[in-house]
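Peer 1: dropping the sequence and predicted coords here.
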Amino acid sequence: MSWNNIGAFTEVAPGHSVTWEYSWENGQDMGLQLAGPNYPTSIIAPGNLATLVASNQGKQLLGFGKGGGAMVSYVVTITNTSNEFGFHNLQGGGVS
């Protein structure tokens, strides 16, 4: 299942990175998830053509819920590899 437009819009300076952590209700394990930058076209000025790269995709074990099921959160790093400021939040989905 894909998802889009998650989280607050975040600005990333050229050459800098931000790390996101995201999860589902009660730390539900949704299997393999991949996330990348979602460009909020409504707030980006025409001509602002930043390149944002997703890396360091990960899954953190938070503990175990009732019944012994794993509780997890997911992480991703977004890096601005361009010379312009980049604005984004997240989009992604599961792999089956």
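Peer 2: Happy to help now that I have it. Please read these numbers as outputs of a predicted model, since none were measured by experiment.
Peer 1: any buried residues in stretch 24-42, and which?
Peer 2: The neighbour-count criterion (16 or more other Cβ atoms under 10 Å) identifies 27, 29, 33, 35-39 as the buried residues of stretch 24-42. Heads up, the C-betas are built off the backbone N, CA and C, glycines and all.
Peer 1: show me the contacts for the residue of the chain most remote from its centre.
Peer 2: Taking Cα atoms, centre = their mean, the residue of the chain most remote from its mean C-alpha position is G67, at 28.8 Å. Residues near G67 by Cβ atoms under 8 Å, 6 or more residues apart in numbering: none.
Peer 1: where does the prediction get shaky in the chain?
Peer 2: Counting by pLDDT under 70, the low-confidence segments of the chain come to 45.
Peer 1: how much space separates the residue farthest from the centre of the chain from S23?
Peer 2: Note on G67: its distance to S23, by Cβ to Cβ, to the nearest Å, is 18 Å.
Peer 1: and if you look at V53?
Peer 2: If you go by Cβ to Cβ, the gap between V53 and S23 works out to 23 Å.
Peer 1: comparing those two, which residue is more hemmed in?
Peer 2: Under the neighbour definition other Cβ atoms under 10 Å, V53 and S23 were set side by side, and S23 has more, 18 against 14.
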